[in-house]
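1. With the sequence up front, the predicted model follows.
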2 protein chains.
Amino acid sequence: MKKYEEKTIHTTPIYHGQIIDVRVDDVVLANGVHSKREIVSHPGAVGIIPITKANKIVFVRQYRKPLEKTILEIPAGRLEEGEAPEVTAIRELEEETGYTTDEVSLVTSFYTSPGFANERIYLYRSDNLTIAKNPSVGDEHGQIETVELTLEEAIQYVKDEKIHDAKTNYAVLYMQMLVGNQ
Amino acid sequence: MKKYEEKTIHTTPIYHGQIIDVRVDDVVLANGVHSKREIVSHPGAVGIIPITKANKIVFVRQYRKPLEKTILEIPAGRLEEGEAPEVTAIRELEEETGYTTDEVSLVTSFYTSPGFANERIYLYRSDNLTIAKNPSVGDEHGQIETVELTLEEAIQYVKDEKIHDAKTNYAVLYMQMLVGNQ
């Protein structure tokens, strides 16, 4: 048994959506306390740190319905069943920025909201962007604009709270950490 | 109208839980494309970076049901209706670590999963921890253990992928950025 494991005594399925599933688990904690856990299952996602030949990071500005506003993020997208994460990363890069690449490398991965969701993001980088000749086009075509920043500018954006997205802030500071190690 | 706004033409309520609400919005994008958005509403949360007098950061190891495993995080907790975020932060600090403080200061805030949820985390720090004499005790009492690390050790944990939680990784690198600025 895993330490502090919460044993499920009953599961109530709530919703089976196109992207998320929702359920409520009745659990018993290792200390005997009974509780309920409202849980969102998510397929996981990729984020990509796209770096141009001029050494700028490409961000995207897009509308996020849950927030009812437009925010600045690194390109990202949900994992699709049967699609390798690297393929998802390159497809989302093309759809959202118009750039493409032959190669992405995994930087790290993390959970976004472990209190209520199992979403895990795999963070990639790509250093050799070229303009896509026939980029993949998604539903959001024309609804996203790109912003290219140097790492120093991006760090200033983090400090000035011009970026409000955890994965993007973390990606910027992770790049700073890598540069500081060189 | 906000740029790239997605106009809601119909909302289907799915679930009204104790913590989260779930709904599906039928939307029209600014380019005319119709789509559906599965949206989780969350009350928001606080995270706290607790720093001991010996200059160590206090982390907690706790079981997260959505992941079915125990992970390392900074202390955190959901905002409660009618409770100031600073009060939530101090209460969660006491419940999860046994430390307390008179004062917390807001570091920054961010969204955790803007693609499907509106959860926003307010990140606080506290530099003058004392042992709580009569700490608040939550349901998870005895189910959480603390780990105290220097900032340098914590950064190494991030590099070694010993921390898998976005807010915690970001908090560590944010502290590194602040120290680098001194």
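-> Cool, got the structure. Residues are numbered from 1 along each chain as shown, chains lettered A, B, ... in the order given.
2. Now the closest residue to A:Tyr4 other than its chain neighbours: which helix or strand?
-> Leaving aside its chain neighbours, A:Tyr4 sits nearest to B:Tyr63 (4.0 Å; criterion: Cβ to Cβ, 6 or more residues apart in numbering or on different chains). Glycine gets a C-beta too; all of them are placed from N, C-alpha and C. Here B:Tyr63, judged by DSSP states H and E, is contained in strand B:57-64.
3. I figured A:Arg61 was touching A:Leu149, is that so?
-> No: between A:Arg61 and A:Leu149 there is no contact, the gap being 11.7 Å when judged by Cβ atoms under 8 Å.
4. Those two - which one has more neighbours?
-> Between A:Arg61 and A:Leu149, A:Leu149 has the larger neighbour count (other Cβ atoms under 10 Å in any protein chain shown), namely 18 against 15.
5. The more buried one bridge partners, please.
-> A:Leu149 has these beta-bridge partners by DSSP bridges: A:Ile57.
6. which residues touch it?
-> A:Lys56, A:Ile57, A:Phe59, A:Tyr157 (Cβ atoms under 8 Å, 6 or more residues apart in numbering or on different chains).
7. Look at A:Ala54 and give its secondary structure.
-> Using DSSP: H, G, I helix; E, B strand; the rest coil, the structure places A:Ala54 in coil.
8. What lies in contact with the strand ranked longest in chain A?
-> In chain A, assigned by DSSP state E, the strand with the most residues is strand A:7-16. Residues external to strand A:7-16 that are found in contact with it (Cβ under 8 Å, 6+ apart): A:Asp21, A:Val22, A:Arg23, A:Val24, A:Asp25, A:Asp26, A:Val27, A:Val28, A:His34, B:Ile14, B:Tyr15, B:Val22.
9. ok, now stretch A:51-63?
-> Counting contacts by Cβ under 8 Å, 6+ apart, the residues outside stretch A:51-63 that touch it are A:49-50, A:69-75, A:96-97, A:99, A:125-129, A:140, A:143-151, A:154, A:163, A:168, A:172, A:175, B:2-6, B:30.
10. Buried among those? Need that as a selection in PyMOL.
-> Under the burial definition 16 or more other Cβ atoms under 10 Å in any protein chain shown, those of those that qualify are selected in PyMOL by:
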select buried, (chain A and resi 49+50+70+71+72+73+74+75+96+97+99+125+126+129+140+143+144+148+149+151+154+163+168+172+175) or (chain B and resi 4+5+6+30)
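11. still on that earlier bit, the residue nearest to A:Tyr4 bridge partners, please.
-> For B:Tyr63, the beta-bridge assignment (DSSP bridges) gives partners B:Thr70.
12. Can you give me the separation between it and A:Glu94?
-> Between B:Tyr63 and A:Glu94 the distance, using Cβ to Cβ, to the nearest Å, works out to 39 Å.
13. about what we covered before: give me the neighbour count for the residue nearest to A:Tyr4.
-> The burial count assigned to B:Tyr63 is 21, neighbours taken as other Cβ under 10 Å.
14. What's the separation between it and B:Tyr174?
-> Plainly put, B:Tyr63 is 26 Å away from B:Tyr174 if you go by Cβ to Cβ.
15. can you list the residues that contact stretch A:174-182?
-> Outside of stretch A:174-182, the residues within contact range by Cβ under 8 Å, 6+ apart are A:49, A:57, A:107-108, A:123, A:125, A:151, A:154-155, B:155, B:158-159, B:169, B:173, B:176-177, B:180.
16. switch to 10 Å and redo it
-> By Cβ atoms under 10 Å, 6 or more residues apart in numbering or on different chains, the residues outside stretch A:174-182 that reach it are A:49, A:51, A:57, A:107-108, A:110, A:123, A:125, A:151-152, A:154-155, A:158, A:167, B:155, B:158-159, B:169-170, B:172-173, B:176-177, B:180.
17. Report pLDDT for A:His141.
-> Among the per-residue scores, A:His141 shows a pLDDT of 75.
18. how about it, secondary structure?
-> Local secondary structure at A:His141 is given as coil here, using three-state DSSP.
19. A:Glu86 now?
-> Each residue gets one of three states, and A:Glu86 gets helix by three-state DSSP.
20. what's near enough to touch the residue nearest to it when sequence neighbours are not counted?
-> For A:Glu86, the nearest residue in space outside its immediate sequence neighbours is A:Val104; the separation is 5.3 Å by Cβ to Cβ, 6+ apart. Listed by Cβ under 10 Å, 6+ apart, the contact partners of A:Val104 are A:46, A:48-50, A:85-90, A:93, A:122, A:124-128.
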